[in-house]
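# Curious how this folds, go ahead:
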Amino acid sequence: MYFFNEVEKITKNEDENIIDAIDKLTPEIIENNQNVKLTNEDKKIVATIRRAVVT
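Numbering: from 1, shown residues only. All right, here's what the predicted structure looks like:
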């Protein structure tokens, strides 16, 4: 899934606070960075995974 591609980029960047960066990762950012259009279901999944990772 595109979410994990973005998380991989975040974890490779040592200058970022990983949790904060993941918390700010929105479906719109994923769409822009991955050049895709997420469905509403995809957006819900991204939100759910993001919440699970940062809590």
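# Beyond the helix or strand harbouring I30, next helix or strand please.
Assigned by DSSP states H and E, I30 belongs to helix 27-34. Once the chain leaves helix 27-34, the next helix or strand it forms, by DSSP H and E, is helix 40-54.
# what does that following helix rub up against?
Contact with helix 40-54 is made by 1-3, 7, 19, 22-23, 25-27, 30, 38, as judged by Cβ atoms under 8 Å, 6 or more residues apart in numbering. No exception for glycine: its C-beta is placed from N, CA and C like everyone else's.
# so what pLDDT did I10 get?
Per-residue pLDDT puts I10 at 89.
# what's the answer for the one 5 residues further on, then?
Taken from the predicted model, the pLDDT recorded for D15 is 76.
# Mind checking what secondary structure it has?
Assigned by DSSP: H, G, I helix; E, B strand; the rest coil, the conformation of D15 is coil.
# now it: how far from N32?
20 Å (Cβ to Cβ, to the nearest Å).
# more neighbours, those two?
Neighbours were counted for D15 and for N32 using other Cβ atoms under 10 Å; N32 has more, 10 against 5.
# Could you count how many residues lie near D20?
11.
# distance of it from A47?
17 Å.
# go on, N35?
With Cβ to Cβ as the criterion, N35 and A47 are 20 Å apart.
# quick one, which of the two is more surrounded?
A47 (14 against 7).
# which of the residues in the helix or strand encompassing F4 are buried?
F4 belongs to helix 2-12 when assigned by DSSP H and E. Counting neighbours by 16 or more other Cβ atoms under 10 Å, one finds that the buried residues in helix 2-12 are 2-3, 6-7, 10.
# do stretch 20-34 as well
Going by 16+ other Cβ under 10 Å, stretch 20-34 has these buried residues: 21-22, 25, 27, 30-31.
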